[in-house]
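Enquirer: below are the sequence and a predicted model for it; my questions follow.
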Amino acid sequence: MPTTPHSLPRRRLLTGSASALAAAGLASFHQGALAQAAAPAAKPLPGYAGWKKADAVIVHSSTTIETKRSAFGTSVITPTDQLYVRNNLPSPPESIVADRDAWEVQIEGVKQPRRISVRELKTLGLETVTMVLQCSGNGRGFFPSKPSGTPWTVGAAGCVVWSGVPVRDVVKALGGVADGMKYMTGTGGEVLPPGIDPKSVIVERSVPAEALQDALLAWEMNGEPIPLAHGGPLRLIVPGYTGVNNIKYIKQLAFTAQESDAKIMSHGYRISPPGSKGDPSQPSVQEMSVKSWINSPLPEDGPQAAGVVQIHGVAFGGMHAVKGVEVSIDGGKTWKAARLVGPDMGKYAWRQFVLQAQLPKGTHVLASRATDMQGNVQPETRGENQSGYNNTSWADHAVTVTVA
């Protein structure tokens with residue numbers, strides 16, 4: 001079965017690249033970020049993602065593809081052919097999506113554990129959720145410390161519609177969660193390199209067991225079978241949690257008393273102080289928090305004409321809905337309330353926002369700051385950490401534009 005998806009209606013792409021991204025008020029870093037993002041290698045799309053829209057993405061490597069900031073447009077849903085890709089291991093062979101309904105997942109830590117095929121999962125329940133899928137390292141490219149890893153700016157994120165069976169329905173059909181199980185642990189079906197300890201490379205992550213209430217075992221994405229590049233034929237979807245916890249090619253879903261001891265869980269994706277290594281005592285990268293950024297106008301659009309401009313972007317709350325967004329045209333000195341536009345697709349989706357502003361001639365630092373329904377406000381500064389995770393700084397995500 002071919003994996004090339006026919007995505008939702010295409011957006012008109014803005015000209016230029018998503019390169020000139022700046023940190024407001026940090027002149028030296030502003031220049032560094034520009035230099036870093038301005039000249040990405042013109043790498044070809046890898047074969048498993050060859051159907052992606054080449055002029056809408058930046059190929060960092062065979063397993064990391066970023067959506068250009070200018071490609072997000074003004075609609076809520078991110079088209080599949082523009083959505084970012086982040087794989088911790090090479091994708092499995094395309095043969096696994098030849099008969100999608102035959103794929104099986106082992107369910108453990110329930111009172112009646114067993115293997116279930118996608119075909120049978122489709123008889124147990126159905127739900128659809130729209131949610132922000134975001135790599136834990138989105139915004140890493142703005143860290144002056146230049147952490148190792150892909151220097152994502154804003155494009156390791158997208159808003160996606162998933163359909164599948166609620167995990168709670170699967171658990172109910174199997175007698176409920178066994179006593180004493182505190183975590184939901186998903187294991188990916190990637191082919192592991194031979195001759196090494198599987199736990200050192202396997203993609204296996206644990207989240208609190210309560211996350212099962214909104215989680216899905218999903219087989220459909222944006223109205224079509226999930227492409228191999230995004231975890232088809234079956235992916236664990238945990239709304240509100242960073243991408244690494246949404247396990248691709250899921251082959252086992254277990255409710256466990258302890259977190260996984262796989263390296264990617266015990267030492268990887270930990271919020272480690274600068275200069276240190278990850279370990280189990282440090283916070284794990286799991287729930288997302290409130291964040292926003294501006295998608296237009298951008299520096300690469302060239303000088304703007306003086307006058308009225310529509311400043312627009314996206315905002316999301318992670319675990320909570322967005323309450324509102326403010327926009328500044330002077331680097332955060334003053335703020336005005338923006339207007340939320342488009343459909344509200346649920347608390348896990350992002351909202352488009354817009355502020356109509358009068359921009360006179362000169363240089364303007366445009367920033368956005370979101371607030372969620374719990375009153376949490378997007379912070380000005382990033383949380384410094386060794387790996388460049390969870391950057392929600394509005395200053396880092398600001399853009400500097402020139403008005404002629």
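Expert: Received the coordinates, thanks.
Enquirer: could you measure from the residue of the chain positioned farthest from its centre over to residue 404?
Expert: Farthest-out residue of the chain from its mean C-alpha position, per CA atoms, centre = their mean: residue 361, at 35.8 Å. Remark: distance between residue 361 and residue 404 (CB to CB, to the nearest Å) = 7 Å. Quick note: C-beta positions are derived from backbone N, CA and C, even for glycine.
Enquirer: anything in contact with each of those two?
Expert: residue 306 (CB atoms under 8 Å, 6 or more residues apart in numbering).
Enquirer: SS state for residue 294?
Expert: For residue 294, the assignment made with DSSP: H, G, I helix; E, B strand; the rest coil gives strand.
Enquirer: meant to ask about residue 169
Expert: helix.
Enquirer: which residues touch the residue lying closest to it once chain neighbours are set aside?
Expert: Among residues not flanking residue 169 along the chain, residue 125 sits closest, at 3.4 Å (CB to CB, 6 or more residues apart in numbering). Residues in contact with residue 125 (CB under 8 Å, 6+ apart) are 165, 166, 169, 170.
Enquirer: quick check: closest non-adjacent residue to the second one.
Expert: Just to be clear, that refers to residue 166. Nearest one to residue 166, counting by CB to CB, 6+ apart, is residue 127 at 4.8 Å.
Enquirer: quick check: that neighbour touching residue 165?
Expert: Yes. Counting by CB atoms under 8 Å, residue 127 touches residue 165, with 7.2 Å between them.
Enquirer: tell me, what's touching these two both at once?
Expert: The contact sets of residue 127 and residue 165 overlap at residue 216 (CB under 8 Å, 6+ apart).
Enquirer: ok, the two, which is more surrounded?
Expert: Each of residue 127 and residue 165 has its neighbours counted (other CB atoms under 10 Å); residue 165 has more, 24 against 17.
Enquirer: partner strands of the host helix or strand of that one and their direction?
Expert: Element membership for residue 165 (DSSP states H and E) is strand 157-166. Applying DSSP bridges to the sheet, strand 157-166 is found paired with strand 127-134 (antiparallel), strand 216-221 (antiparallel).
Enquirer: pLDDT at the residue nearest to residue 169, what is it?
Expert: Looking at residue 125, its pLDDT stands at 98.
Enquirer: that one falls within a helix, correct?
Expert: No. Using three-state DSSP, the assignment for residue 125 is coil, not a helix.
Enquirer: now it: how far from residue 223?
Expert: Taking CB to CB, one finds residue 125 at 19 Å from residue 223.
Enquirer: go on, residue 276?
Expert: Relative to residue 223, and taking CB to CB, residue 276 is found at 44 Å.
Enquirer: between those two, which one's more packed in?
Expert: Neighbours per residue, other CB under 10 Å: of residue 276 and residue 223, the larger number sits with residue 223, 14 against 11.
Enquirer: good, we can wrap up now.
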